[in-house]
Structures are given as C-alpha cells and as structure tokens.
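>>> Got a sequence here, can you model it:
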Amino acid sequence: QVQLVESGGGLVQPGGSLRLSCAASGSIFSINVMGWYRQAPGKERELVAHITSGGSTNYADSVKGRFTISRDNAKNTVYLQMDSLKPEDTAVYYCNADISPARNYDAMAYWGKGTLVTVSS
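Predicted coordinates for the structure are as follows:
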C-alpha cells in the first residue's frame, strides 16, 4: 500500500511564504511525476506544478515566478516553496504522484489527503 502525506499548510499573511512537503511511503519501486494540485472553495481542482524524476518542471501561469517545486528522490519527497502568497492562493493543496509498486508493474496515480493553505490578513 502506498501513502502520500502532506505537511506544511497553515495561515499566512499576503506576501508571506510557506513550504509544503509530501512524503511517499509504502510499496514503492519507482516514482515518475510528482506534483501539487489545489482546490479552492467552489472551484475545480487545478494543477499548480509538477516535476519529473529527472527534474523537469512545469508550473501553472498563476504561480510562475512565485512557487518552486523540488524533490528529493532518495526520500521520495516533493516540496513546494510558495513565496509572495496572495489571497487567491487560498486552497486545499494536494500532493500527487505516479508510482510503480514493483518492477514491471504499471504506475498508478496516488493522492494525498490535502493540506489547507489560507492567505489572509
């Protein structure tokens, strides 16, 4: 069984910073893409950023230049450094990873339970 556990959410003032972490554990042979999504109240879940096992990154236009995604492959962990936060960044942030549990097994998408980020004065 594979688990993704997020941490690092909370309340921050506009212009502030937060760092989210997501650690994958369990039966893991390899992890391909890891990413962060978010869902604001009344809105659909959207991609924030993702990173491949080789380190290639992709960001939503709304966070480019403010957020940085990174990963530690040895720790099966992905991070999201969020700077210059805005009220519109308020959402539940979900970790996602494509994980193969064993050799010759197709990768499956796994999700964390989410961590709430609130940007407010």
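>>> per-residue pLDDT, the residue nearest the centre of the chain?
Among the residues of the chain, residue 36 comes closest to the average C-alpha position under C-alpha atoms, centre = their mean, at 2.7 Å. We have a pLDDT of 98 for residue 36.
>>> Just list whatever residues bridge to it.
Per DSSP bridges, the residues bridged to residue 36 are residue 49, residue 95.
>>> thinking it is in contact with residue 95, fair?
Yes: here residue 36 reaches residue 95: they are 6.2 Å apart, a contact under C-beta atoms under 8 Å. (Each C-beta comes from the backbone N, C-alpha and C, glycine too.)
>>> Name the residue most distant from the centre of this protein?
Distance-from-mean max, the chain, by C-alpha atoms, centre = their mean: residue 104 at 26.1 Å.
>>> just checking, it is part of a strand?
No: going by DSSP: H, G, I helix; E, B strand; the rest coil, the assignment for residue 104 is coil, not a strand.
>>> how close does it get to residue 87?
Taking C-beta to C-beta, to the nearest Å as the measure, residue 104 falls 47 Å from residue 87.
>>> now swap in residue 56 and tell me
From residue 56 to residue 87 the distance is 30 Å (C-beta to C-beta).
>>> on that earlier part again, what sits in contact with each of residue 36 and residue 95?
Common neighbours of residue 36 and residue 95, counting by C-beta atoms under 8 Å, 6 or more residues apart in numbering, are 20, 22, 78.
>>> The residues you listed in strands, which ones?
20, 22, 78 (DSSP state E).
>>> Need those in CSV (columns: distance to residue 7 and neighbour count).
Output for those, formatted as CSV (distance: C-beta to C-beta, whole Å; neighbours: other C-beta atoms under 10 Å):
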residue, distance to residue 7, neighbour count
20, 7, 23
22, 8, 25
78, 12, 28
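>>> what's the closest of those to residue 1?
residue 22 (16.4 Å; C-beta to C-beta).
>>> For that closest one, give me its contacts.
4-7, 34, 36, 77-79, 95, 97, 112.
>>> What about the residue lying closest to residue 84 once chain neighbours are set aside, how many residues nearby?
Excluding its sequence neighbours, the residue lying closest to residue 84 (C-beta to C-beta, 6 or more residues apart in numbering) is residue 66, at 4.6 Å. If you count neighbours by other C-beta atoms under 10 Å, residue 66 ends up with 15.
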